[in-house]
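Colleague: the following comprises the amino acid sequence and a computationally predicted model.
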Amino acid sequence: MSGKKSLGRFFTENAVVIIFLALTIAAIPPSGLSFQYIIQEMITRLGRNTFLVLALLLPIFAGMGLNFGMTLGAMSGQIGLILAINWNIGGVEGLLFAALVGTPISVLMGYICGAVLNKAKGREMVTGYILAFFINGVYQFVVLYMMGSIFPIKNPAIVLSRGYGIRNTLNLENVRQSLDDLLMLKVGGFLIPVATFLIIGLLCVFVVWFKKTKLGQDMRAVGHDMTVAEAAGVPVDRTRIIAIIISTVLASFGQIIFLQNMGNMATYNAHDQTSFFAVAAILVGGASVKKASIPNVIIGVILLHVLYVVTPRAGQNLFGSAMIGEYFRQFIGYGVIALTLVLYAWKARQGAARAREGLRGGNSATAAAGTAAADTAKGGAK
Amino acid sequence: MDKIKQFVTDFGWPRIIIFLFLLFLFIAAPFVGVRIDASISDVFNRFGQNALFVLAMVPMIQSGCGLNFGLSIGIIAGLIGSTLSVQFGLTGLMGFFGAVALAIPFAVIFGWFYGLLLNKVKGEEMTIAMYVGFAGVMFMCIMWLILPYTNSTMVWGYAGKGLRTTISVEGYYRQVLNDFWAIRIGTDFIFPTGMLLFVVFCAFLMWLFLRTKTGTAMTAVGSNPDFARASGISADRMRTVSVIISTVLGAVGIVVFQQSYGFIQLYTAPLAMPFAAVAAILIGGASVNKATMVNVLVGAFLFQGLLTMTPSVINSALKTDISEVIRIIVSNGIIIYALTRKTKVTK
């Protein structure tokens, strides 16, 4: 009995992962891609994306939800890369330089983002999302109009023909895969970028260590209940801002790692999808708005990207149109985000309703329980 | 002096700055060689095209569901209606009202489900609405490819199936509302009387509705849920009604937009549309939980005025294309401003 119950609980708690796994496995055969190819692609994409997704963890610990403002960090990293190319600094040094430039910018961005989110408690996610749009405008203003006119740009190859503004696509030839190639191992026919994975591993160690520090504990206290944390003497607003700053800085490093692997940078679009992919990945991996772990990140990156690799081909082979697969995978990405948010908000409300019932006595409690049960039944039917 | 101060705090600095900026643009226009009559005509036109989307924000704000970032659900219903209308070959006013009539049932059904969903996630409506909207748009992208439409003006020529990205409504219902009693002055000024009448009519209906028993109950649910429950109003039902109305308005809004713009835009086109409407109503002075007809009309006018005037004036003055950046910063800045105001979050 209890075994059955725990199995049922396992399924409800991991519903998103299981649905996604089933979908992914179903899409592999019609794609006609070899396992060899898929596994190599997975290794590459794990190296490319994991760091960015890890950047989401701290704000979740601090109860701020999914940090859609991570795009701000991505833009800071891109500015670092633009300057690295401008001064023609290649190889790993170029990446380090980009990270060095990106850090102060992303600290500032993170501070702004944290301060704004503190003014919008209870709707951090939507505010972060719009803030990313807003800063995107500022980014465009700086990169498209001020670089080359107010900020001197030395390298004419990256400037638009009109004399100022950075070109739409930047060739990152100097730094292309320099981190990946630093320590490339070939194991059984698969190329493994060990250096990239080492950095990701270091970050994981940092996250685990950070959770145990005073600041990490404070963050979890804030995430659990802001009022209680405040009463216990935790500086709530400050802790939340620090969580966002660290997340933004990590996102800027993550974007640099992502772009060095891609080898090209769409100056004005590279950051558009950053938060979408990262958020979808962590949710696919079984995280929720309030709870996330490193395994969630890794499982999520693998599952989401297998699906992204196989669906266009599967769409082509099943329906004779690659566009169907393309739209399908985007639908799944957005759908997963919506679904997880709904499941979480729904559960949270059920918990709140139950807590309210406990406070009430007599008839009203039974009535409320009745409606709650009816709600549950309706939800289940849907 | 105190009165002015009060007015400024009520109206909010961002709105005053935007208003002054727009005024400045109108004054500067003739000096940089932009025709003022053509600009005003443009502003009216775009006001009419977008006003219904802005109006669609009102019911959900009033019922406490927040800003409808999932307006694309309604837009999708409108797109289904308009493609069906073209498929059936309806033309002229028949085409327009046919599209509206065909769209409304879909909008009601979608809105009903969407409303039920939002009732389950009180307090998180806005983020979820956004992603539900995105997912809906992407799902319909697949549908546009595989639904069995056959009208040759709509489907891809070489494949014979799958709808085109943009479909011209020329010969169907292009400008039917705009041209209705349109007033032409000179060569460049056209006042789209029919469309504006339609918009005012819809706004009047909404105004009237908010004063009916249902409308008052809806506002009560939004402004004081406990009081509403105590007076025996079903919060969930009122919220669902508000979502359905918002979705229907989104559907009608896109048909009005198409008849003026001249094209049906499919696939990923609806993705960004809700954001413009959200920005517009906030510029008009609405907050996350209160909106009036004045907010709608002022907001739509200011926002569309800004969108029309900045490209033409700034670009001819500075000889650059910086206006797009200004648009991004202004419209998103105002949304952030509204989201960070100290207002009660509905739980």
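Modeller: Perfect, I can see it now. Residues are numbered from 1 along each chain as shown, chains lettered A, B, ... in the order given.

Colleague: CA atoms for contacts and neighbours, from now on please.
Modeller: Noted.

Colleague: figure out how far the helix ranked longest in chain B is from the centre of its chain.
Modeller: Longest helix in chain B by number of residues (criterion: DSSP state H): helix B:92-120. From the chain centre to the centre of helix B:92-120 is a distance of 15 Å (CA atoms, centre = their mean, to the nearest Å).

Colleague: check contacts around the spatially most central residue of chain B.
Modeller: Central residue of chain B (CA atoms, centre = their mean): residue B:53, 1.6 Å from the mean position. By CA atoms under 8 Å, 6 or more residues apart in numbering or on different chains, the contact set of residue B:53 is B:71, B:249, B:250, B:253, B:254, B:274, B:277.

Colleague: what sits against residue 192?
Modeller: Picked chain A for this. Residue A:192 sits in contact with A:43, A:44, A:184, A:185, A:186, where contact means CA under 8 Å, 6+ apart.

Colleague: my question was about chain B, not that one.
Modeller: Shown in contact with residue B:192 (CA under 8 Å, 6+ apart): B:44, B:45, B:177, B:178, B:179, B:180, B:181, B:182, B:183.

Colleague: which of these are buried?
Modeller: For the contacts of residue B:192, a neighbour count by 16 or more other CA atoms under 10 Å in any protein chain shown gives the buried set as B:44, B:45, B:177, B:178, B:179.

Colleague: ok so the last one is a strand residue?
Modeller: By that I understand residue B:179. No - counting by DSSP: H, G, I helix; E, B strand; the rest coil, residue B:179 is located in no strand; its state is coil.

Colleague: phi, psi for residue A:187 please.
Modeller: Phi and psi for residue A:187, reported as degrees, to the nearest 10, are phi -120, psi 110.

Colleague: just to revisit the earlier point, of the contacts of residue A:192, closest to chain B?
Modeller: residue A:44 (27.1 Å; CA to the nearest CA).

Colleague: could you save the buried ones among the contacts of residue B:192 as CSV and add columns showing distance to residue A:21 and pLDDT?
Modeller: Output for the buried ones among the contacts of residue B:192, formatted as CSV (distance: CA to CA, whole Å; pLDDT from 0 to 100):
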residue, distance to residue A:21, pLDDT
B:44, 52, 89
B:45, 49, 89
B:177, 50, 81
B:178, 52, 80
B:179, 55, 80
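
Colleague: could the residues you listed be laid out in a markdown table, adding distance to residue A:338?
Modeller: Listed next are these as a markdown table, based on distance: CA to CA, whole Å:
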| residue | distance to residue A:338 |
| --- | --- |
| B:44 | 37 |
| B:45 | 35 |
| B:177 | 37 |
| B:178 | 38 |
| B:179 | 42 |
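
Colleague: and which of those is nearest residue A:16?
Modeller: residue B:45 (45.8 Å; CA to CA).

Colleague: quickly find the element holding the residue nearest to the centre of chain B.
Modeller: helix B:36-62 (DSSP states H and E).

Colleague: run the angle between that helix and helix B:92-120 for me.
Modeller: 40 degrees (axes from the mean of the first three to the mean of the last three CA atoms, to 10 degrees).

Colleague: list the buried ones in helix B:36-62?
Modeller: For helix B:36-62, by 16+ other CA under 10 Å, it's B:36-37, B:39-62.

Colleague: how about stretch B:255-269?
Modeller: B:255-267.

Colleague: in helices, which of these fall?
Modeller: B:255, B:256, B:257, B:258, B:259, B:260, B:261.

Colleague: for residue B:142, which non-adjacent residue is closest in space?
Modeller: Spatial nearest neighbour of residue B:142, excluding adjacent residues (CA to CA, 6 or more residues apart in numbering or on different chains): residue A:324 at 5.6 Å.
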